[in-house]
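Engineer: got a structure for you, letters missing:
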């Protein structure tokens, strides 16, 4: 197999400015900084000047890998691990600070569907526009035009401006153009998370065809099961470096066990934790533990425990702590409160811990948010902090059937039996 | 490691810097995008307007009327040769509107297409340059209007008109050069957004659009010609009106030199900063 892509110690540095500045500057600021530098130079010509409060940040550091023709590589990692930066470098949107990438063959990258779509233009016109932006020639587009239209299922609206499209139609049209790119190397960011389920499935099918036709695929997703089914090889990025590279299931396993960090403190929004302070009741910290497998991410079916460290100086005859779990669309999936829901009276001490234990977590794979509130039972809320805790629930084969459940198959699972009688 | 990569054969090497040759080759590969982006801008230009492309005629036409009245009638400035004042003004209006519209759109083009730039790769230079193509269509339409005005005044163009394409090229190159500078600067410094309309507004009065450049005293002529539009507009008038207009050659040479300088430095600056666009835009 020939090498189609070879990254040779690529690194990418960003400069973070510590004044609360947007990325761009005004000329006046630059001139001010410049003149300050000049004055410093004149005063002390040999010292290295560091007038601005800029910090170097390496989004990627010494990345090396080699991809052979026909490889299907899934890139995984938590947010900020450098996945998007890597894709941007490979698709030439931004240049690496150091290092080189050698490429053989035509690369097409899809970091977003519908890039360059113009709302005033019709579907037909946008197909040509988007195709050209993605690097297709007019002849290519013409020869695949009918296929694209059929795939998108929007024949009837082909001559309607896309600003009148529903978001579903828009995404379908956009993906259809991209799906017919037929490059040698296809780089795809998390773009399949859009559109309805049936269409998502169709897209995954199309991507599978891409892989099977001997083309090379680089795929970034947070959907581990999609990566598992599409890719044979995984690259796990952590903190801008490659943490694991190899067989896809092994890499996903090492990713899942690595994402666990102590008591999931990072999942609690520490800024907003400060808001949990009213009527003499103050939450110092909230811990989330996986009681079943303490060494790894929470998954469906695991036993989970929230530990609330608090201080109490007030008076409250019937204190109530409320945990409300919502999915990413804000739908409340389940609410826990010692009182009145559970009917459990809690006695608050000057300083103590409240534990909320949930055996066999019924949530399916996905991101959930927990609102935490403190109230006087049935009278009033003293505080209710929305989305204070973020739960990143991993998928698990809870029924032992080879199926990992995610939102697309319901928000919750529960023990059940099937009988034919 | 570095030797390693260069020993093997790759079609494309992505690294921190890009050679001029690579840039030119890419530009050729993506040549269709020029046309497509220009076509897009043209398509959406007059969408949801009532009179549509008539705007392309109306703007220069109305300006011409106003200028003719103010400079020709009220101020009583002379028109060189035997051309009617309106024709003299409209001949300058053509390059001026082409320049001002292309320059304004070109300078803003990268920022306006920020989303594309941060999500897809293509030679970025296509974006500001394609603004020129759209305005060239307007330019051609206005040219038709000039012909009609000349028929109305029963004024026949001079034989110098065969040289007009050369001045159109000079005009386009000057516009590209300045647009490249400003659009690249605009990515980093949004001040440009305020500077450009100012340049255009001021430029209309500084350039000999409403009057003939012969009005300017001879001592100041060289200084005046530092504005490359002076050479371009004089050239247009010489081609269309001809007659006994005396061409001011130093002005043209200066215009060519400054245009070349702007274009070359503009290209270099653009190529140098282009790779950081996606990071700062």
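Structural biologist: Noted; the coordinates are in hand. All values reported here derive from a predicted model rather than from experimental measurement.
Engineer: rest of the way, CA atoms for contacts and neighbours
Structural biologist: Noted.
Engineer: Look at stretch A:304-318 and report the distance between its end residues.
Structural biologist: By C-alpha to C-alpha, to the nearest Å, the extent of stretch A:304-318 from end to end equals 26 Å.
Engineer: quick one: contacts of that stretch?
Structural biologist: By C-alpha atoms under 8 Å, 6 or more residues apart in numbering or on different chains, the residues outside stretch A:304-318 that reach it are A:279-292, A:298, A:345-346, A:348-361, A:376-377.
Engineer: at 6 Å instead, please
Structural biologist: A:279-291, A:350-358, A:376-377 (C-alpha atoms under 6 Å, 6 or more residues apart in numbering or on different chains).
Engineer: Can you show me the strands along chain B?
Structural biologist: B:12-14 (DSSP state E).
Engineer: Around chain A, pick out the residues from it.
Structural biologist: Residues of chain B lying close to chain A by C-alpha under 6 Å from any C-alpha of the partner chain are B:10-16, B:33, B:116, B:119, B:121, B:188-189, B:191, B:275, B:278, B:280.
Engineer: Nearest to chain B within the stretch 201-350 of chain A, name that residue for me.
Structural biologist: Of all residues in the stretch 201-350 of chain A, the one sitting closest to chain B is residue A:220 (14.7 Å; C-alpha to the nearest C-alpha).
Engineer: Now do the same for that residue: its pLDDT.
Structural biologist: The confidence metric pLDDT takes the value 88 at residue A:220.
Engineer: give me every residue that touches it.
Structural biologist: Applying C-alpha under 6 Å, 6+ apart, we find residue A:220 in contact with A:74, A:75, A:189, A:190.
Engineer: at 10 Å what do you get?
Structural biologist: Residues in contact with residue A:220 (C-alpha atoms under 10 Å, 6 or more residues apart in numbering or on different chains) are A:73-77, A:83-84, A:87, A:111, A:187-191, A:226-227, A:234-235.
Engineer: and if you look at residue A:185?
Structural biologist: A:4-5, A:69-72, A:103-109, A:210-211, A:214-218.
Engineer: got any ranges where the stretch 1-150 of chain B has weak pLDDT?
Structural biologist: B:1-8, B:81 (pLDDT under 70).
Engineer: hang on, the earlier thing: among the contacts of stretch A:304-318, name the ones in helices.
Structural biologist: Among those, DSSP state H puts none in helices.
Engineer: from what I can see residue B:71 touches residue B:88, true?
Structural biologist: No: with contacts counted by C-alpha atoms under 10 Å, residue B:71 stays clear of residue B:88, the gap being 11.3 Å.
Engineer: okay, these two: which has more neighbours?
Structural biologist: A direct count of neighbours by other C-alpha atoms under 10 Å in any protein chain shown for residue B:71 and residue B:88 places residue B:88 higher, at 24 against 18.
Engineer: Compute the number of surrounding residues for residue B:186.
Structural biologist: Other residues near residue B:186 come to 25 when the count uses other C-alpha under 10 Å.
Engineer: Low-confidence regions, chain A specifically.
Structural biologist: By pLDDT under 70, the low-scoring segments of chain A are A:17-25, A:37, A:40-53, A:191-197, A:259-266.
Engineer: Sketch out the strands for the stretch 151-300 of chain A, chain order is fine.
Structural biologist: Along the stretch 151-300 of chain A, counting by DSSP state E, counting those that start in this stretch, strands occupy A:185-188, A:216-220, A:233-238, A:241-247, A:277-278, A:281-290.
Engineer: and the angle from the third one to strand A:216-220?
Structural biologist: Relative orientation of strand A:233-238 with respect to strand A:216-220: 40 degrees, computed using axes from the mean of the first three to the mean of the last three C-alpha atoms, to 10 degrees.
Engineer: go on, the fourth one?
Structural biologist: Angular relation of strand A:241-247 and strand A:216-220 on a 0 to 180 degree scale: 130 degrees, by the same axes, to 10 degrees.
Engineer: Can you list the buried residues in strand A:241-247?
Structural biologist: For strand A:241-247, burial by neighbour count (16 or more other C-alpha atoms under 10 Å in any protein chain shown) applies to A:241, A:242, A:244, A:245.
Engineer: Pull out the buried residues from stretch B:193-205.
Structural biologist: With burial defined by 16+ other C-alpha under 10 Å, the residues of stretch B:193-205 counted as buried are B:193, B:196, B:200, B:203, B:204.
Engineer: what pLDDT, on average, does it get?
Structural biologist: Taken as a whole, stretch B:193-205 carries a mean pLDDT of 92.
Engineer: contact partners of it?
Structural biologist: With C-alpha under 10 Å, 6+ apart as the test, stretch B:193-205 has contacts from B:93, B:96-97, B:99-101, B:103-105, B:107-108, B:111, B:179, B:182-183, B:185-186, B:192, B:206, B:209-211, B:227, B:229.
Engineer: if you look at the residues you listed, which of them are in helices?
Structural biologist: In helices, defined here by DSSP H, the members of those are B:93, B:96-97, B:99-101, B:103-105, B:107-108, B:111, B:179, B:182-183, B:185-186, B:192, B:206, B:229.
Engineer: Mark which of these are buried, thanks.
Structural biologist: Buried among the ones in helices among the contacts of stretch B:193-205 by 16+ other C-alpha under 10 Å: B:93, B:96-97, B:99-101, B:103-105, B:107-108, B:111, B:179, B:182-183, B:185-186, B:192, B:229.
Engineer: TSV for the strands of the stretch 151-300 of chain A, including distance to residue A:58?
Structural biologist: TSV is the format used below for the strands of the stretch 151-300 of chain A (distance: least, C-alpha to C-alpha, whole Å):
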stretch	distance to residue A:58
strand A:185-188	22
strand A:216-220	20
strand A:233-238	12
strand A:241-247	10
strand A:277-278	37
strand A:281-290	30
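Engineer: looking at these, which is buried most?
Structural biologist: strand A:216-220 (a mean of 25; mean count of other C-alpha atoms under 10 Å in any protein chain shown).
Engineer: Run me through the strand neighbours of it, direction for each.
Structural biologist: Strand A:216-220 has its sheet partners listed here by DSSP bridges as strand A:72-76 (parallel), strand A:185-188 (parallel).
Engineer: next one: the helix or strand just after the first one to chain centre, how far?
Structural biologist: Once the chain leaves strand A:72-76, the next helix or strand it forms, by DSSP states H and E, is helix A:83-90. A distance of 14 Å separates the centroid of the chain from that of helix A:83-90, by C-alpha atoms, centre = their mean, to the nearest Å.
Engineer: can you list contacts of the helix or strand following helix A:83-90?
Structural biologist: Tracing the chain past helix A:83-90, the next element assigned as helix or strand by DSSP H and E is strand A:98-103. Strand A:98-103 is contacted from outside by A:3-13, A:61-67, A:89-90, A:92, A:185, B:1-2, B:5-6, B:8-17, using C-alpha under 10 Å, 6+ apart.
Engineer: From one end of stretch A:269-282 to the other, what's the distance?
Structural biologist: With C-alpha to C-alpha as the measure, stretch A:269-282 spans 15 Å from end to end.
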